[in-house]
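[1] any chance you can model this:
(one chain, ligands or ions: 1)
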Amino acid sequence: MGARHAVISGASIAGLSAAFWLRRTGWEVTVLERAGEFRDGGQNVDVRGVAREVLDRMGLTGAVKAQNTTETGTVFVDERGRVLAELPSGGPDGATAEFEVLRGDFARTILEHLPAGVEISYGETVAEVSDEVVTTSSGRVLNADLLVVAEGVRSATRDRLFGDLVDRRDLGIAMVFGTIPRTASDDSRWRWLTTTGGRQVHLRPDNHGTTRAMLAVTSADVTRLDRADALAEMRDRFADAGWEARRVLDGLDTSADVYVDQLTQIRMPVWHRGRVCLAGDAAWCVTPMGGGGASLALVSGYVLAASLEHGIENGLVAYEEWMRPLVDDVQNFPRWLVRVAYPRTRLGLRLRRLADKAMTSRLLSPLTAKFTQVAATDRTLPPLVAAHSQGA
Ligand SMILES: Cc1cc2nc3c(=O)[nH]c(=O)nc-3n(C[C@H](O)[C@H](O)[C@H](O)COP(=O)(O)OP(=O)(O)OC[C@H]3O[C@@H](n4cnc5c(N)ncnc54)[C@H](O)[C@@H]3O)c2cc1C
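    As a prediction, the model looks like this:
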């Protein structure tokens with residue numbers, strides 16, 4: 001019997017992890033990526049919980065560690081930049097995790113360590129899916145024992161094939177990420193301002209001699225805005241935010257890799273239909289509000305390949321059963337948490353800062369540290385059948 005063939009749509013963390021592990025377990029693998037070339041951009045993501053074990057099994061712990069963003073801790077600051085509180089960052093899953101890495105560096109590390117024989121085709125997408133056949137946008141007809149859709153939160157193929165099952169939950173928060181020049185005031189810490197009007201400003205060091213900036217604001221909808229309009233909206237909202245907001249606004253205007261996101265959870269009752277399955281943000285986007293999206297994406301590739309050792313039908317059920325508790329754990333936070341994280345009034349901000357002080361006190365710090373423990377489980381990863389393994 002010939003090798004089974006998987007078509008994977010999307011060459012970011014979930015898609016590349018699936019490619020890595022399916023190839024390792026003997027599949028023929030074709031990856032389709034909509035972009036014309038590999039997408040390097042993106043800001044800070046981290047590797048937490050059981051994702052560290054997957055990374056280790058990939059043999060990539062050292063390679064990812066070498067890309068560490070150099071961040072040493074996380075502090076809350078006020079409108080004049082004075083430190084108000086420091087979040088616990090001890091241990092592998094602190095606010096600043098042991099593995100802090102830029103999304104692009106992370107995805108490229110997986111790309112560069114894919115086992116031999118994975119075909120990646122840029123500028124090509126899924127056009128049509130019928131029984132065991134995927135027709136691509138360039139007219140290629142691919143036999144597909146399995147189609148893995150790993151196209152991120154706004155996945156078009158998911159919407160086409162699972163549209164009736166997609167529950168989108170807009171969290172009412174817009175985020176704009178970008179890279180800005182580093183200045184003498186930047187240090188090795190993640191500095192985080194929360195201020196009135198449901199606004200946050202973040203500055204984080206990176207390992208490329210620049211600074212990663214992020215603006216987040218409630219009750220703005222950037223979904224239908226292009227880059228220029230999204231930045232204009234931010235300029236409007238952050239003009240009087242204080243601290244380094246103006247520098248960030250100016251820096252974003254010329255940043256090469258602005259990423260705009262309207263935080264939207266994706267919830268679905270199932271993640272597979274026939275021979276098609278979803279992975280990563282396309283299946284369960286948890287948003288930065290939940291955290292751990294990159295970790296879950298990485299883990300999903302391993303769990304999928306290991307589960308499929310039991311055949312496709314049973315394997316896809318087993319994949320879902322293993323992944324769902326990890327996803328639920330991150331998605332099911334109480335809605336009032338958004339109001340606490342993004343206070344609108346002066347009174348709300350004052351209460352929030354008092355809470356920050358208490359939560360980062362010596363007494364409550366161990367409890368606070370639990371908020372950043374995501375993708376954590378005491379279950380062991382499903383085993384891979386070594387007989388199928390192919391060398392990296
Ligand atoms: C360029 C980029 C920058 C990002 N920056 C940040 C950031 O700054 N902060 C943050 O928290 N998260 C960011 N993210 C999201 C973050 O990577 C994900 O939340 C998380 O890592 C899960 O990854 P994923 O592989 O499921 O999805 P994603 O990382 O979103 O990757 C999806 C991939 O699928 C491709 N794709 C989309 N549609 C199609 C299609 N129809 N056919 C084929 N391919 C398709 C995309 O080009 C992309 O390569 C970014 C994602 C990308 C793609």
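[2] checking the residue nearest to Asp186 when sequence neighbours are not counted next. Helix, strand or coil?
    Leaving out its chain neighbours, the residue that sits closest to Asp186 by Cβ to Cβ, 6 or more residues apart in numbering is Thr211, at 5.1 Å. Where C-beta positions appear, they are placed from N, C-alpha and C, glycine not excepted. The local conformation at Thr211, judged by DSSP: H, G, I helix; E, B strand; the rest coil, is strand.
[3] what parts of the protein come near the ligand?
    By Cβ under 6 Å from any ligand atom, the residues of the chain that approach the ligand are 9-15, 32-35, 39, 41-43, 45, 103, 125, 150-152, 155-157, 177, 259, 280-281, 288, 293-294, 297.
[4] and the pLDDT for the residue nearest to Asp186?
    In this model, Thr211 is scored at 96, pLDDT.
[5] ok, the longest strand belonging to the chain: who's next to it in the sheet?
    When the chain is scanned for its longest strand (criterion: DSSP state E), the result is strand 167-181. Strand 167-181 sits in its sheet next to strand 210-218 (antiparallel), strand 259-267 (antiparallel), going by DSSP bridges.
[6] nearest to Gly315, out of those?
    strand 259-267 (22.0 Å; Cβ to Cβ).
[7] packing partners of the following helix or strand past the closest one?
    With elements assigned by DSSP states H and E, the helix or strand that comes after strand 259-267 is strand 272-273. Packing partners of strand 272-273 (3 or more Cβ pairs under 8 Å, 6 or more residues apart in numbering; DSSP states H and E): helix 312-331.
[8] what packs against the helix it packs on?
    strand 272-273, helix 281-284, helix 293-307.
[9] in the second one, what's buried?
    Translated: helix 281-284. Asp281, Ala282, Ala283, Trp284 (16 or more other Cβ atoms under 10 Å).
[10] the last one and Trp271 touch, don't they?
    I take that to be Trp284. Yes - in this structure, Trp284 is within contact of Trp271 by Cβ atoms under 8 Å, at 7.4 Å.
[11] now for those two: what residues contact both?
    With contacts defined as Cβ atoms under 8 Å, 6 or more residues apart in numbering, the residues shared by Trp284 and Trp271 are Leu278, Met323.
[12] what residue in the stretch 201-350 of the chain comes nearest to the ligand?
    Among all residues of the stretch 201-350 of the chain, Gly280 sits closest to the ligand, at 2.2 Å; criterion: Cβ to the nearest ligand atom.
[13] what about that residue, how many residues close to it?
    31 (other Cβ atoms under 10 Å).
[14] can you tell me the closest non-neighbouring residue to it?
    What sits nearest to Gly280 in space, not counting adjacent residues and going by Cβ to Cβ, 6+ apart, is Ala14, at 2.6 Å.
[15] quick one: contacts for that neighbour?
    By Cβ under 8 Å, 6+ apart, the neighbours of Ala14 are Ala150, Ala279, Gly280, Asp281, Ala282, Ala297, Leu298, Ser300, Gly301.
[16] same check on Met175?
    Met214, Leu215, Ala216, Val260, Asp261, Gln262, Leu263, Pro288.
[17] redo that, cut-off 10 Å
    Counting by Cβ atoms under 10 Å, 6 or more residues apart in numbering, Met175 touches 43, 200, 202, 214-217, 220, 222, 234, 259-263, 287-289.
[18] try Ile120
    Residues near Ile120 by Cβ under 10 Å, 6+ apart: 8, 11, 15-16, 19, 29-33, 38, 111, 114.
[19] also Thr69?
    Contacts of Thr69 were listed using Cβ under 10 Å, 6+ apart, and they are 43-46, 96, 99-102, 105, 188, 190, 204-208, 212.
[20] what does Gln200 give?
    Residues in contact with Gln200 (Cβ under 10 Å, 6+ apart) are 173, 175, 192-194, 214-218, 238, 241, 341-342.
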